[in-house]
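Peer 1: just to be clear, the model below is a prediction. Sequence and coordinates:
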Amino acid sequence: MTYRFPFSAIVGQDDMKLALQLAAVDASIGGVLVFGDRGTGKSTSVRALAALLPKMRMVVDCPYNCDPQQPAGLCQQCRQRSADAAPPKSRMQPVPVVDLPLGATEDRVVGALDLEKALVHGEKHFEPGLLARANRGFLYVDEVNLLEDHLVDLLIDVAASGENVVEREGLSVQHPARFVLVGSGNPEEGELRPQLLDRFGLSVEVRTPEDIEQRMLVVQRRDEFERDQEAFMQRWQRQQGKVRSAITAARKQLPEVQLHPQLLRQAAQLCIHLKIDGLRGELTLVRAARALAALRKSGQAELAHMLEIAPMTLHHRLRRNPLDESGAMTRVERAMQELFG
């Protein structure tokens, strides 16, 4: 049996791990962008978190991973089956993690006409694509800054609507496509288009650790895992269970978490001070603060929660200032200090 490297055994990279956990608690935050050096555990962390999450209930034989307990989010086929007969059969399956390769065609991503059935049987049948498989899971794009423009436009539309609409070859198909978009890349290889950059709720930077003890620990754990995966997983089973329980409990508590009366004003003040365009910054700030409060078992999202996640929520939304040589993270931290001390 092949195992994923355990999420709780990843050394350092605390911002990246926190951002991924927040996105797992509340998918409406808008996904996670991870930029940084190669070999810093970006793809390992995404797959490790998905393997850690509790299994989810899906309709049997549904290509879109529909949840039978959420009638409003069912695809057309599942709605029809629910109307014609008893509730559809369901089963528990792992949370899907779907890779979107750079060279993928648009047909592979959105789906297309099944040519075999069309030629052999004369039937028009839709063959679902990667977006269908990613519904209710994670869509992971490595080297997202190198993604072709037409796929970027497609992802922007689907991320905004939560639905994939396909109109081609006489087919008209619409199906749910709600996923946590996770992108990673190396900033030295090019920048991300602003339209897609704005769609990521959280953005973090990862760097190669410079502390010798930390680097030794990374190599040691990876070596132990590769030599005996089963024994390594057994040693980390308890820590894995703690992270899984925390995410599960936070999901349940999230609807009950209240906002501090001043939090909306403070979020708006921070975004105005940083001259951030649009209102997506405030929305993400509030959602991420609420998710963090739920993860920390707090019944109310407060200023401390917002300030902790503000850099990863806002730094990628800042306008470029040629007169300010400080980094984006530094500008956000400086603004928080000026406004809130």
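Peer 2: Alright, I've got the coordinates.

Peer 1: C-alpha only now, for contacts and for neighbours.
Peer 2: Fine.

Peer 1: pull the number of nearby residues for residue 5.
Peer 2: Neighbour count for residue 5, taken as other Cα atoms under 10 Å: 23.

Peer 1: grab the nearest non-local neighbour of it.
Peer 2: Nearest non-adjacent residue to residue 5, counting by Cα to Cα, 6 or more residues apart in numbering: residue 48, 5.9 Å away.

Peer 1: surely the one you found and residue 9 touch.
Peer 2: No. Judged on Cα atoms under 8 Å, residue 48 makes no contact with residue 9 at a distance of 9.6 Å.

Peer 1: counting by contacts, list what the helix or strand encompassing the residue nearest to residue 5 packs against.
Peer 2: Using DSSP states H and E, residue 48 maps to helix 42-52. In terms of contacts (3 or more Cα pairs under 8 Å, 6 or more residues apart in numbering; DSSP states H and E), helix 42-52 is packed against helix 14-25, strand 138-142, strand 180-185.

Peer 1: which SSE is immediately downstream of the last one?
Peer 2: This points to strand 180-185. According to DSSP H and E, the helix or strand after strand 180-185 is helix 194-197.

Peer 1: do the same with the shortest one
Peer 2: For strand 138-142, the succeeding helix or strand toward the C-terminus, using DSSP H and E, is helix 149-161.

Peer 1: rounded mean pLDDT for the next helix or strand after that next one, please.
Peer 2: Once helix 149-161 ends, the next helix or strand along the chain (criterion: DSSP H and E) is strand 163-168. For strand 163-168, the mean pLDDT works out to 80.

Peer 1: so which residues of the stretch 151-300 of the chain form strands?
Peer 2: Per DSSP state E, counting those that start in this stretch, the stretch 151-300 of the chain carries strands over the ranges 163-168, 171-176, 180-185, 202-206, 258-259, 300-301.

Peer 1: can those strands go into a markdown table with extra columns for mean neighbour count and distance to residue 246?
Peer 2: As requested, the strands of the stretch 151-300 of the chain are arranged in a markdown table below (neighbours: other Cα atoms under 10 Å; distance: least, Cα to Cα, whole Å):
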| stretch | mean neighbour count | distance to residue 246 |
| --- | --- | --- |
| strand 163-168 | 16 | 30 |
| strand 171-176 | 16 | 28 |
| strand 180-185 | 25 | 19 |
| strand 202-206 | 23 | 20 |
| strand 258-259 | 16 | 19 |
| strand 300-301 | 22 | 17 |
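
Peer 1: can you put these in CSV and add distance to residue 32?
Peer 2: Formatted as CSV, the strands of the stretch 151-300 of the chain follow (distance: least, Cα to Cα, whole Å):
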stretch, distance to residue 32
strand 163-168, 19
strand 171-176, 20
strand 180-185, 5
strand 202-206, 5
strand 258-259, 23
strand 300-301, 21
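
Peer 1: nearest to residue 212, of the helices and strands packed on helix 42-52?
Peer 2: Of all the helices and strands packed on helix 42-52, it is helix 14-25 that lies closest to residue 212, at 17.4 Å by Cα to Cα.

Peer 1: that older thread, may I see the buried residues of the helix holding residue 48?
Peer 2: Residues 42-43, 45-52 are the ones in helix 42-52 that count as buried (16 or more other Cα atoms under 10 Å).
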